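>>> Provide a 3D model corresponding to the input given below.
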Amino acid sequence: MAGPGLWFEDFTVGATFETPGRTITESDLMAFAGLSGDFNPIHTDHVYAAATPYGKPVVYGVLVLSIVTGLTARLGIFDGTTIAMLGIEDWRFLKPVFVGDTIRVHLTIRDMRPASHPQRGILMREYHVVNQRDEIVQNGFINLMVRRRPTDGGATESETL
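Presented below is the predicted three-dimensional model:
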């Protein structure tokens with residue numbers, strides 16, 4: 001059964017959403033290093049990073065992308081209706097993100113179409129990740145399969161899987 005999220009039919013092309021912000025901490029950075037096993041000094045060594053063009057450690061781009069998925073979840077609009085993330089397309093890392101930066105997401109529904117299964121739809125979602133200065137630091141597309149609203153008397157998605 002679906003939760004409080006929106007059904008495919010509740011979305012419209014051009015609809016926009018903005019997430020709350022989240023400040024990235026040193027703990028986030030080091031936890032990600034440990035989880036991923038990537039201890040590249042551009043991210044984890046303050047002395048090394050001070051000698052780079054950035055002058056300080058840069059947050060992992062894929063850590064920011066991971067936080068983006070969490071910020072998107074905080075919207076609640078996909079709760080209980082999400083079936084699957086279908087892919088990440090044309091994702092670009094445009095500006096560095098540093099510990100202490102606060103990011104948020106501007107999400108736009110760019111296109112939508114029914115899926116081959118009659119109880120599913122596809123949302124083409126465009127993301128712009130901005131920092132506290134409203135600079136776009138990352139952008140791209142993350143497409144999502146979601147449930148369609150059950151028709152009267154029709155089987156629900158869980159009954160047909």
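
>>> the helices in the chain, which residues?
Under the criterion DSSP state H, helices of the chain are mapped to 26-36, 41-44, 46-50, 61-74, 157-160.

>>> Can you check what angle separates the first one from helix 61-74?
With axes from the mean of the first three to the mean of the last three C-alpha atoms, to 10 degrees defining the directions, helix 26-36 sits at 110 degrees from helix 61-74.

>>> which helices and strands does helix 26-36 pack with?
Under the contact definition 3 or more C-beta pairs under 8 Å, 6 or more residues apart in numbering; DSSP states H and E, helix 26-36 sits against helix 41-44, helix 61-74. Quick note: C-beta positions are derived from backbone N, CA and C, even for glycine.

>>> mind putting those helices in CSV, distance to residue 114, mean neighbour count and mean pLDDT included?
Shown next, in CSV, are those (distance: least, C-beta to C-beta, whole Å; neighbours: other C-beta atoms under 10 Å; pLDDT from 0 to 100):
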stretch, distance to residue 114, mean neighbour count, mean pLDDT
helix 41-44, 42, 16, 98
helix 61-74, 22, 17, 97
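
>>> Tell me which of the ones you listed lies nearest to residue 89.
helix 61-74 (12.6 Å; C-beta to C-beta).

>>> where in the chain is pLDDT low?
Within the chain, the stretches falling below the threshold (pLDDT under 70) are 1-3, 152-161.

>>> ok, now which ones touch the residue sitting nearest the centre point of the chain?
In the chain, the residue lying closest to the centroid (C-alpha atoms, centre = their mean) is residue 69, at 3.1 Å. Residues in contact with residue 69 (C-beta atoms under 8 Å, 6 or more residues apart in numbering) are residue 142.

>>> what's the answer for residue 17, then?
For residue 17, the contact set (C-beta under 8 Å, 6+ apart) comprises 75, 77, 106, 107, 108.

>>> Kindly recompute the last result at 6 Å.
Contact analysis of residue 17 by C-beta atoms under 6 Å, 6 or more residues apart in numbering lists 75, 107.

>>> Burial check on residue 53, number of neighbours?
Number of residues near residue 53 (other C-beta atoms under 10 Å) recorded here: 7.
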